[in-house]
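> below is the sequence, then the predicted model.
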Amino acid sequence: MSRKEFGFLLKQYLDGKCTDEEKAFVEHWYGTLQQDEKSHVSETDFQALEPVLWQQIQSRTQVPKVIPMPVVEPRRSFGYVWMAAAASVVLMLTFGWWFYQQQQPKAFSGIPQEMRRDGWLQHTNTSTTSEAVRLADGSEVRLAPQSSIQYPAQFAADKREVLLEGEGFFTVEKMPTRPFYVYTGNVVTKVLGTSFLVKTQDVTKQVVVEVATGRVAVYKRPKASETDKATSEIVLTPNQKATYSSEKQQFVTGLVERPRVISDVKSEVKTRSFAFDDAPLRRVIDQLEEAYGITIQLENENQNDCPLTADLSNLSLYAQLDMICAATKSSYTVQGTSIVISGKGCANL
């Protein structure tokens, strides 16, 4: 496309005579200018806008120049010249539309075809924020952007099943006689009533299940020839997670990135306090274990009676552990779903 042809295209756009593809092409390049007012190209700024847009196209598309081949017959009819010009315009518009499409976000495919269930409903979150999906049993799923869920309009009498692609945070109504199953690739998550997160990592395609409340069982989805899934079942409790690698076909357990205090109806009567005054370290650790539901071990018995005076309120678990270790000259490591605090004891402080 020559500059003259582009000028003609822009004039057509201003006159409202462009096709949808031509309009999208012009508006794409106009959007690259990042002007304060870019909702409409007015006639008054045409003279100033045309050279700037042309410069943007020349600098970004980098279309190779066409070297003309020798022509045996020097005489050209007017019709040939017109068709050649028209062809160049179509070629440039086609390239521009392709370039424009390449820069647009790719549409999410949703549930893979091999996993879909006939007659089930499907919802795909195409927005940029999470969306709530209410299921027939009262359970709710917070569906992350570019994620998809498929579910029946009414659940079966003996079980509740959904298919997930992407990421979703589930809050499941407790029904002991109707377990809730989430199928994500090769991973099955089974619960009775709890809240948990299931997500597929974009790069590694690993499936991660993180538990917020209650208990969750995860296992590899059995093949048609397999019937026993209990051998590979892993039970997770709050603040624990399991990551499944399809490459290694195994689960790895661990702790969530930000453990949260578990809400307990019994403990609501007595508000938890993380302010300690000359308290033995063992009692501090016991209180943290109860609050987070995480096993915390003291490697050395001499650490049990080490006194601790500190206010650990309004801190994350790992920040609390940092303060404890700084005061007792110890260190901690996360080993699977447990935490181990290593140190020589208070006699060496």
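Received, thanks.
> ok, for S273, nearest residue in space, not its chain neighbours?
Spatial nearest neighbour of S273, chain neighbours left out: S313 (7.3 Å); criterion: CB to CB, 6 or more residues apart in numbering. Glycine gets a C-beta too; all of them are placed from N, C-alpha and C.
> could you do L163 as well?
Q150 (4.2 Å).
> wait, the one you found touches G119, no?
No. Q150 lies out of contact with G119 (CB atoms under 8 Å); the separation is 10.2 Å.
> who has more neighbours out of those two?
Q150 (20 against 7; other CB atoms under 10 Å).
> distance of the residue lying closest to A275 once chain neighbours are set aside from S330?
Nearest residue to A275, sequence neighbours excluded (CB to CB, 6+ apart): D311, at 4.5 Å. Remark: distance between D311 and S330 (CB to CB, to the nearest Å) = 19 Å.
> which of these two has more residues huddled nearby?
Taking D311 and S330 together and counting by other CB under 10 Å, S330 has the greater number of neighbours (23 against 12).
> list the contacts of the closest residue to the more buried one other than its chain neighbours.
In space, and not counting its chain neighbours, S330 is closest to G343: 2.9 Å by CB to CB, 6+ apart. G343 is in contact with L298, E299, N300, Q303, C325, T328, K329, S330, S331, counting by CB atoms under 8 Å, 6 or more residues apart in numbering.
> any idea how far G343 is from Q297?
12 Å.
> same check on E165?
Applying CB to CB to E165 and Q297 gives a distance of 38 Å.
> for T184, same thing?
Distance of T184 to Q297, given as CB to CB: 32 Å.
> compare the two (neighbour count), which wins?
Taking other CB under 10 Å, T184 and Q297 do not tie; T184 has more neighbours (24 against 14).
> tell me what that one is bridged to.
Taking DSSP bridges as the rule, T184 bridges to V187.
> what's the neighbour count on D278?
D278: 7 neighbours (other CB under 10 Å).
> list the contacts of it.
Applying CB under 8 Å, 6+ apart, the residues contacting D278 are P307, L308, T309.
> quick check, S338 in contact with L298.
No. At 11.7 Å, S338 does not count as touching L298 under the criterion of CB under 8 Å.
> out of the two, which sits in the busier spot?
Between S338 and L298, counting by other CB under 10 Å, L298 is the more crowded of the two (20 against 16).
> what's the closest non-adjacent residue to the more buried one?
Of all residues not flanking L298 in the chain, I341 sits nearest, at 5.4 Å (CB to CB, 6+ apart).
> secondary structure element for the one you found, which one?
strand 338-342 (DSSP states H and E).
> helices or strands up against the helix or strand harbouring V284?
Assessed by DSSP H and E, V284 sits inside helix 281-292. With contacts taken as 3 or more CB pairs under 8 Å, 6 or more residues apart in numbering; DSSP states H and E, helix 281-292 sits against strand 295-298, strand 307-311, helix 317-328.
> helix or strand right after the worst-scoring helix or strand of the chain on mean pLDDT?
Lowest by mean pLDDT, DSSP states H and E among the helices and strands of the chain is helix 78-102, with a mean of 51. Using DSSP H and E, the next helix or strand after helix 78-102 towards the C-terminus is strand 121-124.
> whichever helix or strand comes after that next one - what's its average pLDDT?
The helix or strand immediately downstream of strand 121-124 is strand 131-134, counting by DSSP H and E. Averaged across strand 131-134, the pLDDT comes to 95.
> can you check stretch 260-274 too?
Rounded mean pLDDT across stretch 260-274 is 68.
> pull up the distance across that stretch, start to finish.
In stretch 260-274, first residue to last residue: 14 Å (CA to CA, to the nearest Å).
> make 6 the starting number, not 1.
Sounds good: first residue 6 from here, last item stretch 265-279.
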